[in-house]
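K.L.:
return atomic coordinates for the entry below.
(one chain, ligands or ions: 1)
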Amino acid sequence: MRRVHVVGAGLAGLAAALELAEAGTAEVHLHEATARAGGRCWSFHDVKLERLIDNGNHLVLSGNDAVLDHCRRIGTFDLLDIAPDAELPFHDLADGSEWTLRMPSGLAGLVRGGAALPPGLGLGAVLDLVRLLSAGPEATVADRVRRRGPAMDRLWHPLSLAVLNEPCDTGAAAPLAAVLRRTILKGGRACRPILMPHGLGPTLITPALRRLRDLGARVSWRAPLRGIDRTGDRATALVFDGGPVPLGPDDAVILAVPAAAAGRLLERPAPADGRPILNAHFRVPAEAVLQAPRLLGLLGGLAQWVFVRGDVVSVTVSAAEASSLGREAGVRLWAEVSRALGISGPPLAIRVLREPAATFAATPGSVARRLPMRTGLRNLLLAGDHVATPLPSTLEGALLSGRASARAVDSR
Ligand SMILES: Cc1cc2nc3c(=O)[nH]c(=O)nc-3n(C[C@H](O)[C@H](O)[C@H](O)COP(=O)(O)OP(=O)(O)OC[C@H]3O[C@@H](n4cnc5c(N)ncnc54)[C@H](O)[C@@H]3O)c2cc1C
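P.N.:
I've put the predicted structure just below:
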């Protein structure tokens, strides 16, 4: 049987390997540079908090069909906490005001007036949306929406940070529009927030790895790919520290590494690394958050999203370098989040995590350098969130890309 080497055990690599292993058309060999799977999406037991925490909060909506499908395939769909309604509560730290962004399901709900926008927004926001949806590849979000006022402060800027990990001034409009097409334009049924109360690892990663093993896939850890030998339009060997692994005439490779690594290995310009994302996790007395929303958007401060899981409150700051948060991050963020949730006193423990290259840079210039799935080498395909798809750096994009590469290998 021919062999397919999948390099990189992030979600894209796992999705590609699963698709191939389930089809049973090839022997699958997964190679991962580190000692764990998940790449930028993982969980670990934190000794300070004495809790399982995620490397970073991941916001997923019910329009993320590939994420839902991945969970169905690996048997973790029941672990998802899918909100019954498309509602997101917000708290403005500047003046203490609160509101809920709401999207009804179906036209009937819309006609009945079930939609709720942030205060101060009206028809202008709909016109912004129309302009955003028709954006070309060179436009930033700020080029397509009104630059000042509540629509910018309460909708487009937070949305740009959450979806693109870039502020409106630099974030590319087209990938944001692609996400809006798959969510808001599909109505409330595609905008219900999905939480993973058991953690990213137990929900998305570990069971995928288990399923791969059950299907007979081979996994090599601490196996960074160093180079690719090629002759003409074919890759002939993968070069690892232990030596080259020759590729047979029917063998294929799926390179599911991040943008920078893919660019280096293929000697091609690739998207730049995006801005860091900072997450602060606070363990609190359980009774302090019994009434707290599981997910809360914050405006008017540094903290942007608050996730409450059991007795751990986790706060996300996207595009974190912009807010130049240093060692004092935990203290400053706790001041904001404790005010928003009405918690008095200090947290029991704090863990601050900064992911330096959380996403590829979703600026128009960087997006233009996204590499296509087909590399010019007939037996080597690319997968990953950075591969040229309409979507920005997301779980959904990584999963879709992984699957597409596996199907392309099978249809060669
Ligand atoms: C803090 C944070 C918050 C995020 N928030 C969200 C969110 O709210 N919603 C959302 O949808 N997405 C979010 N994302 C983005 C999402 O996590 C990524 O888009 C997705 O995980 C990328 O998956 P991937 O498989 O393409 O790449 P990766 O996860 O980067 O996987 C690539 C794998 O390749 C391995 N590798 C690298 N080089 C080599 C080599 N030479 N040889 C072998 N292996 C190699 C790496 O170790 C890694 O395991 C967030 C990311 C971070 C970090």
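K.L.:
residues in contact with the residue lying closest to residue 154 once chain neighbours are set aside?
P.N.:
Excluding its sequence neighbours, the residue lying closest to residue 154 (CB to CB, 6 or more residues apart in numbering) is residue 118, at 3.8 Å. Where you see a C-beta, it was placed from the backbone N, CA and C, and this is true even at glycine. Residues in contact with residue 118 (CB atoms under 8 Å, 6 or more residues apart in numbering) are 90, 99, 101, 150, 154-155.
K.L.:
residues contacting the residue nearest to residue 356 when sequence neighbours are not counted?
P.N.:
Excluding its sequence neighbours, the residue lying closest to residue 356 (CB to CB, 6+ apart) is residue 276, at 4.9 Å. Counting by CB under 8 Å, 6+ apart, residue 276 makes contact with 320-321, 354-358.
K.L.:
per-domain residue ranges of this protein.
P.N.:
What automatic domain parsing lists as the domains of the chain is 3-42+200-273+361-410, 103-191.
K.L.:
okay, these, which one's buried deepest?
P.N.:
Ranked by mean neighbour count, these are led by domain 3-42+200-273+361-410 with a mean of 20 (mean count of other CB atoms under 10 Å).
K.L.:
where does the residue nearest to residue 259 when sequence neighbours are not counted land in three-state SS?
P.N.:
With sequence-adjacent residues excluded and distances taken as CB to CB, 6+ apart, residue 259 is closest to residue 386, at 3.7 Å. The three-state assignment at residue 386 reads coil, by DSSP: H, G, I helix; E, B strand; the rest coil.
K.L.:
give the rounded mean pLDDT of the top helix by length along the chain.
P.N.:
In the chain, with assignment by DSSP state H, the single longest helix is helix 395-410. Summarised as a single mean, pLDDT over helix 395-410 is 96.
K.L.:
can it be found next to the ligand?
P.N.:
Yes. Counting by CB under 6 Å from any ligand atom, the ligand has neighbours in helix 395-410: 395-396, 398.
K.L.:
nearest to residue 2 among these?
P.N.:
Among these, residue 398 lies closest to residue 2 (CB to CB), at 24.8 Å.
K.L.:
what residues are up against the closest one?
P.N.:
Applying CB under 8 Å, 6+ apart to residue 398 gives the contacts 10-12, 15, 383-385.
K.L.:
returning to that earlier point: ranking the domains of the chain by mean pLDDT, which is last?
P.N.:
When I compare the domains of the chain, domain 103-191 is least confident, with a mean of 89.
K.L.:
distance between the ends of that one?
P.N.:
Its start and end residues considered, domain 103-191 measures 7 Å (CA to CA, to the nearest Å).
K.L.:
quick check: the residue nearest to the spatial centre of the chain vs the ligand, distance?
P.N.:
When CA atoms, centre = their mean is applied to the chain, the residue found nearest the centroid is residue 394 (3.1 Å). According to CB to the nearest ligand atom, to the nearest Å, residue 394 and the ligand sit 3 Å apart.
K.L.:
residue contacts, the closest residue to that residue other than its chain neighbours?
P.N.:
The shortest distance from residue 394 to any non-neighbouring residue, by CB to CB, 6+ apart, is to residue 385 (6.2 Å). Counting by CB under 8 Å, 6+ apart, residue 385 touches 12, 359-360, 391-395, 397-398, 401.
K.L.:
returning to what we had before: check contacts around the residue nearest to residue 259.
P.N.:
Contact analysis of residue 386 by CB under 8 Å, 6+ apart lists 258-259, 262, 270-271, 360, 370-371, 393.
K.L.:
I'd like those laid out as TSV, including secondary structure and distance to residue 179.
P.N.:
TSV is the format used below for the contacts of residue 386 (DSSP: H, G, I helix; E, B strand; the rest coil; distance: CB to CB, whole Å):
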residue	secondary structure	distance to residue 179
258	coil	20
259	helix	18
262	helix	22
270	coil	21
271	coil	17
360	strand	15
370	coil	15
371	coil	20
393	coil	11
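K.L.:
ok, those residues vs residue 181, which is closest?
P.N.:
Comparing the contacts of residue 386 against residue 181 with CB to CB picks out residue 393 as the nearest, at 17.0 Å.
K.L.:
number of residues surrounding the nearest residue to that closest one once chain neighbours are set aside?
P.N.:
Ranked by CB to CB, 6+ apart and with sequence neighbours excluded, the top spatial neighbour of residue 393 is residue 359, at 3.5 Å. Using other CB atoms under 10 Å, the number of residues around residue 359 comes to 26.
K.L.:
now do residue 359 against residue 10, distance only.
P.N.:
Separation of residue 359 from residue 10 (CB to CB, to the nearest Å): 13 Å.
K.L.:
just residue 255 next, same as before
P.N.:
Residue 255 is 12 Å from residue 10, where distance means CB to CB.
K.L.:
mutual contacts of those two, please.
P.N.:
Common contact partners of residue 255 and residue 10 (CB under 8 Å, 6+ apart): residue 384.
K.L.:
let's have the contacts of residue 118 in JSON lines, adding distance to residue 130.
P.N.:
Converted to JSON lines, the contacts of residue 118 look like this (distance: CB to CB, whole Å):
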{"residue": "90", "distance to residue 130": "23"}
{"residue": "99", "distance to residue 130": "23"}
{"residue": "101", "distance to residue 130": "19"}
{"residue": "150", "distance to residue 130": "18"}
{"residue": "154", "distance to residue 130": "19"}
{"residue": "155", "distance to residue 130": "14"}
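K.L.:
now, the residues you listed that are in helices?
P.N.:
Within these, residues falling in helices by DSSP H are residue 150.
K.L.:
on that earlier part again, looking at this, the residue nearest to residue 154 is in a strand?
P.N.:
No. Going by three-state DSSP, the assignment for residue 118 is coil, not a strand.
K.L.:
pLDDT score for the residue nearest to residue 356?
P.N.:
Looking at residue 276, its pLDDT is 93.
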